[in-house]
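S.K.: Here's a sequence, model it:
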Amino acid sequence: MRRVDHPRFRAAVAEVEDSIDAAWRQFRADAGTTDDQTLAEVVLQDPAEFEWRVVDGALKQLRCQDCGEQLGAGPLDCHRCELANGYRFAARETDRTHVAAGNEHAIRVASAVARTRHRYTARARCGYELLLPDLLAGVLPTTPQAQRFKALINKLSDDELEQVIHPDELLRLDFA
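M.R.: Reported below is the predicted structural model:
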């Protein structure tokens, strides 16, 4: 089974999508409008003024004028989507209470990779997607742990990268 088909991964991506949709609905309600397109365009004029889930919600409201995909999620050679994909990383991120500092940043990056996987390398996808469910649960690997995971991921073939479902599988490889 590929990681993207596993319930662990699918549930994590659904949780992120639900949180983005909820943040967008709340933002829209607070703004007192139902005009998603205009509101999304306003958000993307200065993404640093908004939380990342609102910015990602704004991206979900718009189609790319060049490639026709959801803005920021188009093919790598779409320059408009490449620029828009960067908007999400300009947004604010506020760590949740009772989790390690930096957890929210890790969720933002991991979810961007998981939700637009074609924009990232197989090694990046493997690392971020493996950790996304744990990040959502409030776990943040230490720097040495992350470096160890990366070293183990770098040993895998492209096919193996897509088959790893849980970080523990990497640790077992380390002892094989």
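S.K.: centroid residue for the chain?
M.R.: For the chain, residue 111 is the residue whose C-alpha lies nearest the centre (C-alpha atoms, centre = their mean; 1.6 Å).
S.K.: tell me which element that one is part of?
M.R.: Using DSSP states H and E, residue 111 sits within helix 103-115.
S.K.: and the angle for the helix or strand just after that helix with helix 103-115?
M.R.: As assigned by DSSP H and E, the chain's next helix or strand after helix 103-115 is helix 122-136. Orientation check (axes from the mean of the first three to the mean of the last three C-alpha atoms, to 10 degrees): helix 122-136 against helix 103-115 gives 130 degrees.
S.K.: avg pLDDT for helix 122-136?
M.R.: In this model, helix 122-136 has a mean pLDDT of 96.
S.K.: I would like the residues contacting that helix, please.
M.R.: Helix 122-136 is contacted from outside by 3-4, 8-9, 11-13, 15-16, 103, 106-107, 109-111, 113-114, 117, 120, 141, 149-150, 153-154, 156, 158, 161-162, 164-167, 170, using C-beta atoms under 8 Å, 6 or more residues apart in numbering. Backbone N, C-alpha and C define where each C-beta goes, glycine included.
S.K.: Return the residues in contact with residue 2.
M.R.: 162, 163.
S.K.: And it, how close does it get to residue 8?
M.R.: From residue 2 across to residue 8, the span is 12 Å (C-beta to C-beta, to the nearest Å).
S.K.: One more: residue 130?
M.R.: 9 Å.
S.K.: still on that earlier bit, with adjacent residues omitted, what lies nearest to the residue nearest to the centre of the chain?
M.R.: Nearest non-adjacent residue to residue 111, counting by C-beta to C-beta, 6 or more residues apart in numbering: residue 16, 4.3 Å away.
S.K.: Where does the one you found fall, secondary structure wise?
M.R.: Here residue 16 sits within helix 7-31, counting by DSSP H and E.
S.K.: Contacts made by whichever helix or strand comes after that helix with the rest, please.
M.R.: Once helix 7-31 ends, the next helix or strand along the chain (criterion: DSSP H and E) is helix 36-45. With contacts defined as C-beta under 8 Å, 6+ apart, helix 36-45 is touched by 24, 27-28, 31, 33, 49-50, 54-55, 57-59, 61-62, 71, 84, 87.
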